[in-house]
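Peer 1: Fold the stuff below for me.
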Amino acid sequence: MATSNLLAYERHEDYGQNALIYKIISPTDIEIIEDTTISLEESKIYSYLEESSQLESGIFSEAQKREEEISREQYSSEAIITEDSLALVKPDLVSTEAAKITRTSLKKYEVKEGDSVGKIATNFNLSVDTILWANNLSVTSYLKLGQTLIIPPTTGILHTIKKGDTLKSIAQKYGATDATIKEFNKIDNDSLLVIGETLMVPGGRIIYTAKPRVYTAPGSATTYTAPVAVSGKMLWPIGCRHITQYFRGWRHTGVDIACAYSSPIYAAADGVVSRIQYLNYGYGYNVIIDHGNGKKTLYAHNSRIEVVVGQVVSQGEIIAREGSTGRSTGPHLHFEVIINGSKVNALNYIR
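Peer 2: Predicted coordinates for the structure are as follows:
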């Protein structure tokens with residue numbers, strides 16, 4: 001009877017083999033799962049508290065030692081049941097305790113093929129800015145194969161202690177709290193700060209403060225001498241060519257170029273500064289240069305303006321610094337070319 005066969009008593013060593021299901025399905029229909037051998041490589045830890053920037057093997061923090069022990073316990077406790085070359089392997093579960101352990105030391109990472117700052121940051125559960133700041137990189141920097149990067153232990157910024165630094169001043173500089181710095185670095189008071197050593201500032205960030213150049217605003221009667229008309233292509237107005245938005249007619253009247261914050265912005269051609277505005281909306285801090293013969297250029301969202309109205313500028317002269325003032329979602333230059341009052345595709349005029 002089928003029912004009694006399904007419920008038949010069996011010995012432990014051949015459990016299930018006398019059941020009707022087992023008779024129907026042969027062992028050849030069962031997927032074979034091969035045992036695998038997992039090897040643990042010796043971790044290499046970079047100590048940022050030492051003056052010598054080198055990797056040391058065999059030196060672990062207490063948290064790292066515990067993490068290593070947990071990993072070994074997991075591998076040694078794998079429940080593997082084998083019979084007749086068949087295997088059932090216990091799923092590889094992540095240890096909750098190990099996952100809670102926070103790395104407290106710097107690591108060195110060698111750039112591999114296909115790497116990007118964003119990919120590396122994701123792999124180490126850090127922000128992109130954390131990687132950029134730790135390695136003195138900008139958003140336009142290129143990674144080279146084999147390049148060595150410093151990987152901080154957590155999102156934030158590394159600070160080299162200088163004379164006069166206090167935990168409070170460091171925290172204020174990076175928008176963090178002194179309590180967080182104390183806890184992460186195991187420092188109770190300012191007397192333990194050593195000039196030249198490096199602190200991790202968890203959650204810290206570089207705070208950019210736009211400081212516009214002070215100048216005397218021109219009166220309504222201010223006039224300037226019209227420049228000689230320029231001909232041919234104009235100069236690319238900034239030091240990188242990372243275009244984030246193109247000219248789209250009335251929808252977007254210029255071209256957006258994103259370089260590093262505070263990158264110098266250059267006059268695209270000889271001319272005279274005809275207008276400067278410091279706005280908290282729209283174009284933000286912006287400059288217009290009159291190049292004569294109805295041709296003008298506009299440079300917007302600057303963090304700092306380096307010229308004044310009426311000033312004669314030469315092609316390639318620094319007129320401003322890249323920023324994110326006005327209606328902007330991040331540091332970039334919004335560049336426009338204006339011909340006889342109409343805004344045209346700037347890429348047709350710059351080289």
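Peer 1: Surely V337 is within a strand?
Peer 2: Yes: read with DSSP: H, G, I helix; E, B strand; the rest coil, V337 is one of the residues of a strand.
Peer 1: and the gap between it and T297?
Peer 2: Summarising the geometry, the distance separating V337 from T297, computed by Cβ to Cβ, to the nearest Å, is 6 Å. Where C-beta positions appear, they are placed from N, C-alpha and C, glycine not excepted.
Peer 1: Need the residues touching each of these two.
Peer 2: When contacts are counted by Cβ atoms under 8 Å, 6 or more residues apart in numbering, the set common to V337 and T297 consists of 234, 268, 346.
Peer 1: From those residues, which land in helices?
Peer 2: Among these, the subset assigned to helices under DSSP state H is empty.
Peer 1: between the residues you listed, which has the most around it?
Peer 2: Among the shared contacts of V337 and T297, A268 has the most neighbours (other Cβ atoms under 10 Å), with 28 neighbours.
Peer 1: Does it touch P237 like I think?
Peer 2: Yes: the pair A268 and P237 passes the contact test of Cβ atoms under 8 Å, sitting 5.0 Å apart.
Peer 1: which neighbours do those two share?
Peer 2: Common neighbours of A268 and P237 are listed as 297, 335, 350 (criterion: Cβ under 8 Å, 6+ apart).
Peer 1: What subset of those residues is buried?
Peer 2: Among the shared contacts of A268 and P237, those classed as buried by neighbour count (16 or more other Cβ atoms under 10 Å) are 297, 335, 350.
Peer 1: element containing the first one?
Peer 2: In this structure, T297 is located in strand 295-302 according to DSSP states H and E.
Peer 1: list the buried ones in that strand?
Peer 2: Buried positions in strand 295-302, judged by neighbour count with 16+ other Cβ under 10 Å: 295-302.
Peer 1: ditto for stretch 265-276
Peer 2: 265-274, 276.
Peer 1: that older thread, skip ahead from the strand holding T297 and say which helix or strand is next.
Peer 2: strand 304-305.
Peer 1: now for the helix or strand following that following strand, which elements pack on it?
Peer 2: Reading on from strand 304-305 to the C-terminus, the next helix or strand found by DSSP H and E is strand 312-313. Strand 312-313 is packed against strand 271-278, with contacts defined by 3 or more Cβ pairs under 8 Å, 6 or more residues apart in numbering; DSSP states H and E.
Peer 1: what's the strand it packs on packed up against?
Peer 2: Applying 3+ Cβ pairs under 8 Å, 6+ apart, one finds that strand 271-278 contacts strand 285-292, strand 295-302, strand 312-313.
Peer 1: rerun at 7 Å
Peer 2: strand 285-292, strand 312-313 (3 or more Cβ pairs under 7 Å, 6 or more residues apart in numbering; DSSP states H and E).
Peer 1: Which parts of the stretch 151-300 of the chain are helices?
Peer 2: Per DSSP state H, counting those that start in this stretch, the stretch 151-300 of the chain carries helices over the ranges 167-173, 178-185.
Peer 1: how about the first one: buried residues?
Peer 2: I take that to be helix 167-173. 167, 170-171, 173.
Peer 1: if I pick G282, what's in contact with it?
Peer 2: 326-327 (Cβ atoms under 7 Å, 6 or more residues apart in numbering).
Peer 1: where's it relative to Q315, distance?
Peer 2: Separation of G282 from Q315 (Cβ to Cβ): 27 Å.
Peer 1: cool, and T177?
Peer 2: When Cβ to Cβ is applied, the distance between T177 and Q315 equals 48 Å.
Peer 1: Since that was my last question, I'll sign off now.
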